[in-house]
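Chemist: fold the following and give me the result.
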Amino acid sequence: MKKKMLFAATIGNALEYYDFTLYGFFAAFLSPLYFPSDDPLTSKIASFGALAAGFLMRPLGGLIFGHLGDLYGRKRALLTSVILITLPTLAIGLLPPYSQIGYWAPLLIILCRLLQGACTAGEYTGATVLIAEYTGHNRPGFTCSLLPVSSLAGAIIGTGLGAICLMDIMPPWAWRIPFIMGFAFGLVGFYLRKELDESPSFINLAHHHQLSHSPLVDILKHQKRNLLCAFGIGASTLAPFYMISVYINSLASQLNVSPSHSMLLNIGMLVFLIIFIPIMGYFSDKVGLKKMMSAGAILISLAAWPVFSFISYDLSLTKILLAQLILTFCSAMYVAPAGAFLATKVFPTAQRYSGMALGISCGEALFGGTTPLIAATLVALTSAAYAPGFYLMFCGLIGWVAVNYYKPLAAFNHSSSVRMGTPSSLADLAFEPGSSPTTT
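Modeler: Next up is the predicted model:
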């Protein structure tokens, strides 16, 4: 059953992230079609703004899907998210360009991104919670690291199709094919999710009548510090990824690299992440989730400025690839254990989905998905090509603080027991019986 659950959760997540990340990899290509401007930098900033818009809806999506997942079950929330995200993906694939419908084109693109962002807020969190609650303390770092790997696999599929469809031999409208195919992929994800069983931890809570009817209220009363922790982790996991895959990759256009070849470069970076993340997840179970994430955050902060200084002078394709490789390695150390850390160390079962979804989505919205837009704007304002490095340093610092200043789950459970005068079931029902704690 665990293998079936892991397969359905990861494959469904891959298909949904294919839909969501597709626009990010097409952002530079789509900017003149939907956000035309006499200044290429202005056009690029506008397109990155539409990318960021998808993340601005994530906090609302986190509220909705977190409440749904904690009150009605992880499965129902995941089914809803995977079917809803396919509709705006299809719409983008069918949308006429600015030259045909004017201002409706950028407006509808932004609306599609908003809906995608709201749906995706509950996807990664819900799948992480489901995996963590099925596996308990049995290698959570490695098992949960398979989820970001599946997200990257979905992104690779989208990037690969995009690279093919943007080749010179393809017709001008071929870029629409990956978006239209995303609708079909979403239906496959829905079918896989439909076959899943509900989380045993959620079933236990429901059986003992200990579901939280207002999970968000409970979090704001007793888990404010940990909500901020999830916020910082959301920012620090996504900012490096979009800095590497979108902003740094977009620099290749200055070297007259075609959009198709630029996407092939992105595939190489994603493959590096797919290799590094499960390795880091495996070792995080050995050395501790917290220690691995702390080391990753420190390395990101230390490497950011030197890397951007390196590529800012005499830009070359070799330098771009080297910068992506270095930052990818540092990022993997932080990303791999992040889901397991939040699910097993930070939030109790009754509020786990809400706490993770809201915290992560807020961090992603303010600091993660806006990264390419902020990076391009910093360069435009300062005329310094290395300026994005300081932003990445800042995000690494946020990530380190988030991991080291959270309130341990055991302390929350103890204080809950004292207040209620009864044994707290929040930890007792967190994972399957017989599991043993992992290193922290």
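Chemist: all strands for the stretch 151-300 of the chain, in order.
Modeler: Remark: no strands are assigned in the stretch 151-300 of the chain by DSSP state E, counting those that start in this stretch.
Chemist: so, low pLDDT: which residues of it?
Modeler: 260 (pLDDT under 70).
Chemist: the helices in it, which residues?
Modeler: Shown for the stretch 151-300 of the chain, the helices assigned by DSSP state H, counting those that start in this stretch span residues 176-194, 200-207, 215-222, 224-242, 249-250, 259-287, 289-312.
Chemist: then the stretch 1-150 of the chain?
Modeler: For the stretch 1-150 of the chain, the helices defined by DSSP H, counting those that start in this stretch cover 2-34, 40-56, 58-72, 74-84, 86-94, 98-101, 104-120, 123-135, 140-165.
Chemist: which stretch among these is buried most, on average?
Modeler: helix 123-135 (a mean of 28; mean count of other CB atoms under 10 Å). Placement of C-beta: from N, CA and C, glycine included.
Chemist: for it, name the packing helices and strands.
Modeler: In terms of contacts (3 or more CB pairs under 8 Å, 6 or more residues apart in numbering; DSSP states H and E), helix 123-135 is packed against helix 2-34, helix 58-72, helix 74-84, helix 140-165, helix 200-207, helix 317-341, helix 352-363.
Chemist: recalculate using a threshold of 6 Å.
Modeler: With contacts defined as 3 or more CB pairs under 6 Å, 6 or more residues apart in numbering; DSSP states H and E, the packing partners of helix 123-135 are helix 2-34, helix 74-84, helix 140-165, helix 352-363.
Chemist: I'd like those helices as TSV, with distance to Leu108 appended.
Modeler: Listed next are the helices and strands packed on helix 123-135 as TSV, based on distance: least, CB to CB, whole Å:
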stretch	distance to Leu108
helix 2-34	9
helix 74-84	17
helix 140-165	20
helix 352-363	23
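Chemist: of all those, which one comes closest to Thr382?
Modeler: helix 2-34 (21.1 Å; CB to CB).
Chemist: let me see the mean pLDDT of the closest one.
Modeler: Helix 2-34 carries an average pLDDT of 74.
Chemist: by contact count, what packs against that helix?
Modeler: Counting contacts by 3+ CB pairs under 6 Å, 6+ apart, helix 2-34 packs against helix 40-56, helix 104-120, helix 123-135, helix 140-165, helix 176-194.
Chemist: now it, how far from the centre of its chain.
Modeler: 10 Å (CA atoms, centre = their mean, to the nearest Å).
Chemist: if we can go back for a sec, so of the helices of the stretch 151-300 of the chain, which one's packed in deepest?
Modeler: Most buried of the helices of the stretch 151-300 of the chain, by mean neighbour count (mean count of other CB under 10 Å): helix 224-242, with a mean of 25.
Chemist: hmm, back to that, quick one, which of the helices and strands packed on helix 2-34 gets closest to Ser201.
Modeler: helix 123-135 (4.0 Å).
Chemist: mind exporting the C-alpha coordinates of that closest one to CSV?
Modeler: Below are the C-alpha coordinates for helix 123-135, written out as CSV (Å, rounded to 0.1, in the frame of the first residue of the first chain):
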residue,chain,number,x,y,z
GLU,A,123,-0.6,20.2,-4.1
TYR,A,124,3.0,19.9,-2.9
THR,A,125,2.0,20.3,0.7
GLY,A,126,-0.8,17.8,0.5
ALA,A,127,1.4,15.2,-1.2
THR,A,128,4.2,15.8,1.3
VAL,A,129,1.7,15.4,4.2
LEU,A,130,0.3,12.2,2.7
ILE,A,131,3.8,10.6,2.2
ALA,A,132,5.0,11.7,5.7
GLU,A,133,1.9,10.3,7.4
TYR,A,134,2.2,7.0,5.6
THR,A,135,5.9,6.5,6.2
